[in-house]
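>>> what's the 3D shape of this:
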Amino acid sequence: MFSFTYILIVLVALVIFASFFTVKQQSAAVLERFGKFNAIRQSGLRFKIPVIDRIAGKLSLKIQQLDVIIETKTKDDVFVKLKVSVQYKVIYEKVYDAFYKLDYPHDQITSYVFDVVRAEVPKMKLDDVFVKKDDIAIAVKSELNEAMMTYGYDIIKTLVTDIDPDAQVKEAMNRINASEREKVAAQYEGDAQRILIVERAKAEAESKRLQGQGIADQRREIARGLEESVEVLNKVGINSQEASALIVVTQHYDTLQSIGQETNSNLILLPNSPQAGSTMLNDMVASFTASNQIGEAMKNKKVNKKYEEFSYQKKLNLLEQIEFFLKPHNHDKWLFFFF
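Residues are numbered from 1 along each chain as shown. As a prediction, this is how the structure comes out:
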């Protein structure tokens, strides 16, 4: 009697234990009674009648991904492999359709992906396939959504994740890309050299401009000084012609004096006319006469000490030196350049 009661308790416990089952989160269980669809049970602890009810199967409600690799040919006869990733899930309200209407959803999705890709890619050239890969993905998703919605599946996202042309085509593309990059690099280098040359020319032009401006300023100052000298000479009664002769002779005198200070110098610069010596002597005599007039005027008016120091004796000494240089027996000691 005791053993029978023990066995009965064990059987009741087994029946109770078999009557309950659990469904995981983001899953759905299809419950059948005597082989016929009875109900769909969601996540949690669920009850079924032992022996009478059974769990026909479970479906995941999570987003799943299927990668499909398709090989096809482009419009320009290039074989290319495309990898298409399809993200899909079972629609919560259509678990019945997903379970009973379609046994192998992966195969069904793969077939549709093949059909759409091989219909779209041959319309494009290889470059367009890379550019319009998003358009291919949109076309695949549109076709899949329309077909798989009937079976209780929702297509979340479709992506063309890889485009792999033939090996020879990839090598040719790499050579083209390398050539383009070298061309761009050469263009940039040429632009840099051109900019450097232009900047260097600008700097040189600016330097010459400043140099010319400096020379022009110098000449203006010289002209201004000569003009002031002529005005001073005119004030003491020397006309413009005599003043000019005096200035020229004074410059000759300064030049000869600087040459004479050089111990190793044997060069004298004279005018290049045939009457060079006599003309220069006449000019010097005229300048000395004008200088004497200036000296007398300076003594009377006490204008400037420099003209007092410019004595007549020095001018005579200069004349003697030039006459000495012009004598024929002294030509072997000096080299004359006429200009």
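>>> break down the stretch 101-250 of the chain into its strands, ranges please.
Ranges of strands within the stretch 101-250 of the chain are 153-165, based on DSSP state E, counting those that start in this stretch.
>>> so where is it shaky, pLDDT-wise?
The stretch 101-250 of the chain contains residues with pLDDT under 70 at 226-227, 230, 232-250.
>>> at 80 what do you get?
Along the stretch 101-250 of the chain, the parts satisfying pLDDT under 80 run over 167-182, 212, 214-250.
>>> now stretch 129-140 - C-alpha only, PDB.
Extracted in PDB, the C-alpha atoms of stretch 129-140 (Å, rounded to 0.1, in the frame of the first residue of the first chain):
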ATOM      1  CA  VAL A 129      28.700  49.200 -59.600                       C
ATOM      2  CA  PHE A 130      31.000  50.800 -57.000                       C
ATOM      3  CA  VAL A 131      29.200  54.200 -57.200                       C
ATOM      4  CA  LYS A 132      25.700  52.800 -57.200                       C
ATOM      5  CA  LYS A 133      26.000  50.000 -54.700                       C
ATOM      6  CA  ASP A 134      23.400  51.700 -52.400                       C
ATOM      7  CA  ASP A 135      21.000  51.600 -55.300                       C
ATOM      8  CA  ILE A 136      21.600  47.800 -55.700                       C
ATOM      9  CA  ALA A 137      21.000  47.400 -51.900                       C
ATOM     10  CA  ILE A 138      17.700  49.400 -52.100                       C
ATOM     11  CA  ALA A 139      16.500  47.300 -55.100                       C
ATOM     12  CA  VAL A 140      17.300  44.000 -53.200                       C
END
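>>> how about it: buried residues?
129, 132-133, 136-137, 139-140 (16 or more other CB atoms under 10 Å). C-beta coordinates here come from the backbone N, C-alpha and C atoms, glycine included.
>>> can you give me phi and psi for Lys75?
Dihedral angles of Lys75 (phi, psi; degrees, to the nearest 10) stand at phi -70, psi -30.
>>> contact partners for it?
By CB atoms under 8 Å, 6 or more residues apart in numbering, Lys75 lies in contact with 122-125, 128.
>>> buried only: go through those residues for me.
124, 128.
>>> sort out for me which of the contacts of Lys75 are in helices.
Taking DSSP state H as the definition of helices, those contribute Asp128.
>>> hmm, back to that, now distance to Val10 too, for the buried residues of stretch 129-140, in TSV please.
Listed next are the buried residues of stretch 129-140 as TSV, based on distance: CB to CB, whole Å:
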residue	distance to Val10
Val129	68
Lys132	69
Lys133	64
Ile136	63
Ala137	59
Ala139	62
Val140	57
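>>> tell me which two of these sit farthest apart.
Based on CB to CB, the longest span within these runs between Val129 and Val140 and measures 13.5 Å.
>>> still on that earlier bit, the contacts of Lys75: which two are farthest apart?
Pro122 and Asp128 (11.3 Å).
>>> can you lay out the contacts of Lys75 as TSV showing distance to Val10?
Converted to TSV, the contacts of Lys75 look like this (distance: CB to CB, whole Å):
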residue	distance to Val10
Pro122	69
Lys123	71
Met124	71
Lys125	75
Asp128	73
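>>> just give me the longest helix of the protein.
The longest helix of the chain (DSSP H) is helix 167-235.
>>> for that helix, packing partners?
Helices and strands touching helix 167-235, by 3 or more CB pairs under 8 Å, 6 or more residues apart in numbering; DSSP states H and E, are helix 240-260.
>>> which residue packs closest to Ile63, ignoring adjacent ones?
With CB to CB, 6 or more residues apart in numbering as the criterion, Ile63 has its nearest non-adjacent residue at 4.7 Å, and that residue is Lys89.
>>> the one you found touches Leu61, doesn't it?
Yes. Judged on CB atoms under 8 Å, Lys89 makes contact with Leu61 at a distance of 6.4 Å.
>>> circling back: looking at the buried residues of stretch 129-140, which is nearest Arg209?
Lys132 (58.4 Å).
>>> residues contacting that closest one?
Met124.
>>> any idea of the angle the longest helix of the chain forms with strand 153-165?
Following axes from the mean of the first three to the mean of the last three CA atoms, to 10 degrees, one obtains 70 degrees for the angle between helix 167-235 and strand 153-165.
>>> show me the chain divided up by domain.
Under the assignment automatic domain parsing, the domains of the chain span 2-60, 64-165, 167-234, 236-338.
>>> now do the first one, average pLDDT.
Across domain 2-60, pLDDT averages out at 82.
>>> start and end of stretch 97-112, how far apart?
19 Å (CA to CA, to the nearest Å).
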